[in-house]
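1. A predicted structure for the sequence below; I have some questions about it.
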Protein chains: 2
Amino acid sequence: MKIYLAGPEVFLPNAREVLDRKIELTRRYGFVPVSPGDLEVPATDTKRAKGLAISSINERLMMSADMIIANLTPFRGIAADIGTAFELGFMCARGCPAYAFSNTVGDHYARVAVLYEGRIEADAQGRPRGPDGLAVEDFEMIDNLMLDGGIEARGGTIVTREVAAEALYTDHQAFEQCLRLAAARFPR
Amino acid sequence: MKIYLAGPEVFLPNAREVLDRKIELTRRYGFVPVSPGDLEVPATDTKRAKGLAISSINERLMMSADMIIANLTPFRGIAADIGTAFELGFMCARGCPAYAFSNTVGDHYARVAVLYEGRIEADAQGRPRGPDGLAVEDFEMIDNLMLDGGIEARGGTIVTREVAAEALYTDHQAFEQCLRLAAARFPR
C-alpha cells in the first residue's frame, strides 16, 4: 500500500532530510511512501505556473496513493497547514484510510481560547462565541470537525503528543505511531 | 446542477440569515444550493458525537453536489478556514468544478509577510524564508498552492474583492461573481 505523506515539513530549511526520514520510517513499516518532492518540478516561465505545476504533481501523487498520513501540527496560527487540510479532504473523498498526527496536545477549542485570550462566552443558545461573535467549535476535537470527522469515518486516528518547541515539525514519534496503527490494520 | 456552499459563514452570529441569502442568490443563477445546515443534526450523547454527526452530514451534502463555491476569506489568521479547505480538496478529488472567493485582495505571500513583520529573506537557493526558517510560498496565489491549483485545474477562478471590515464575511458580491462565472460556463 502506498501512503501519501502530507504536512508542512516541505517548508522546513532541512525539508529533504526530514522527508527522507519519514520515507525511511514508512518503508520500515512495510508501506510505499509517496511524498511531495518525489517528482521534479518542470521549468516554468512564471511564479504562478510553478505553483500550478507543483499542485498538479501533488495531485498526481495523491491519485497514486492508497492512504494518507497528515501532519496536523498547527502551522503559522491556530490550525493545521491549509494545504495539508486540502490534501486530507482530497484523500477522504477518494475513500482512502486517513491517519493524522499533531506534535502538540492542545485541542482546537483550547487554541481558539488562547487566540481570544479566554474571552469566550455562551450565547443565548448555549453556543460558545468569541468577542467577535464567531462561534467556537467545542466538540473535543483536535482541529475543525471536518478534519477529525473525515479521519474517524475512514477508520483512522489522530495521534497527539507534546514535543519540545524546537522539534515541533521534526519529531517523528507521533508519525511513527500512525504507521504502527496502519500496519496493524493492514498487515503485509 | 447542485452547488455546495462552503465557508466560515456557519460561525457567524447571523449564520442562518447569511446562508439564506447565499441560497437565494444561488437559486437566482439557476443552481440548486447545498449548504451546511440544510440537514438537522440528530441528538447525540457527547460533544464529540455531535461534531462527528455534523461532519457526516456535510460529507453527504458534498456527495450530493456537482460543484463547490468556497469562501476563502482569511479566518482567524492568515489562511482560509481549514474546514473549507478540507471541503475544497474533497470536491476537487471528486472532479467537480470549483470556484472560490475572498473578501480581501491581499495574496498569501503578502499575509505571511505581515505575520513575519516583513522579515522575509531569500536563502542560498533564492527561496524566501521567514525568521523561523520556514519557506514562504511566492507563487502569486491567493492561498496555499494546493487550493489555487485545485481550483484552476477544474476550470474555476478565485474572485477577490476588498470589502469593509465589518462586511468581511457578509458581503456577497464576490460570491455572486462566482455564480455569474459558473452560470456562463454551465448555462441552464
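-> Here it is on my side, so go on.
2. pLDDT value on A:Thr160, please?
-> Turning to A:Thr160, the model gives it a pLDDT of 98.
3. can you map out the helices along chain A?
-> A:15-28, A:47-63, A:82-93, A:108-115, A:145-153, A:173-185 (DSSP state H).
4. mind checking which of the ones you listed is nearest B:Phe139?
-> helix A:47-63 (2.9 Å; Cβ to Cβ). No exception for glycine: its C-beta is placed from N, CA and C like everyone else's.
5. Which parts of chain A belong to which domain?
-> For chain A, automatic domain parsing gives the domain ranges A:2-105+A:147-185, A:107-141.
6. okay, those, which one's buried deepest?
-> domain A:2-105+A:147-185 (a mean of 20; mean count of other Cβ atoms under 10 Å in any protein chain shown).
7. how far does it stretch from start to finish?
-> The first and final residues of domain A:2-105+A:147-185 sit 14 Å from each other (Cα to Cα, to the nearest Å).
8. which residue packs closest to A:Ala164, ignoring adjacent ones?
-> A:Asp171 (7.5 Å; Cβ to Cβ, 6 or more residues apart in numbering or on different chains).
9. err, A:Leu25, not the other one
-> Nearest non-adjacent residue to A:Leu25 (Cβ to Cβ, 6+ apart): A:Glu176, at 5.7 Å.
10. where are the low-confidence patches of chain A?
-> For chain A, not a single residue meets the criterion pLDDT under 70.
11. From B:Gly83, how far out is the residue of it most remote from its centre?
-> Residue farthest from the centre of chain A, counting by Cα atoms, centre = their mean, is A:Ala124 at 34.5 Å. A:Ala124 is 24 Å from B:Gly83, where distance means Cβ to Cβ, to the nearest Å.
12. Can you tell me which of the helices of chain A is nearest to B:Asp20?
-> helix A:145-153 (21.9 Å).
13. Any chance you could list what contacts that closest one?
-> Outside helix A:145-153, the residues within contact range by Cβ atoms under 8 Å, 6 or more residues apart in numbering or on different chains are A:72, A:80, A:85, A:88-89, A:92, A:98-100, A:137, A:139, A:141-142, A:157-158, B:51-52, B:54-56, B:58-59, B:82-83, B:86-87, B:90.
14. How far does stretch A:109-119 sit from its chain's centre?
-> 21 Å (Cα atoms, centre = their mean, to the nearest Å).
15. Repeat that for stretch A:38-53.
-> 23 Å.
16. same thing with stretch A:127-145?
-> That offset, for stretch A:127-145, works out to 20 Å (Cα atoms, centre = their mean).
17. and that stretch, how far apart are its ends?
-> 15 Å.
18. want to throw the helices of chain A into TSV with distance to B:Tyr29?
-> Shown next, in TSV, are the helices of chain A (distance: least, Cβ to Cβ, whole Å):
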stretch	distance to B:Tyr29
helix A:15-28	43
helix A:47-63	27
helix A:82-93	25
helix A:108-115	34
helix A:145-153	26
helix A:173-185	43
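19. B:Val41: which of those helices is closest?
-> Comparing those under Cβ to Cβ, the one sitting nearest is helix A:145-153, at 11.0 Å.
20. That closest one to helix A:82-93, inter-axis angle?
-> 40 degrees (axes from the mean of the first three to the mean of the last three Cα atoms, to 10 degrees).
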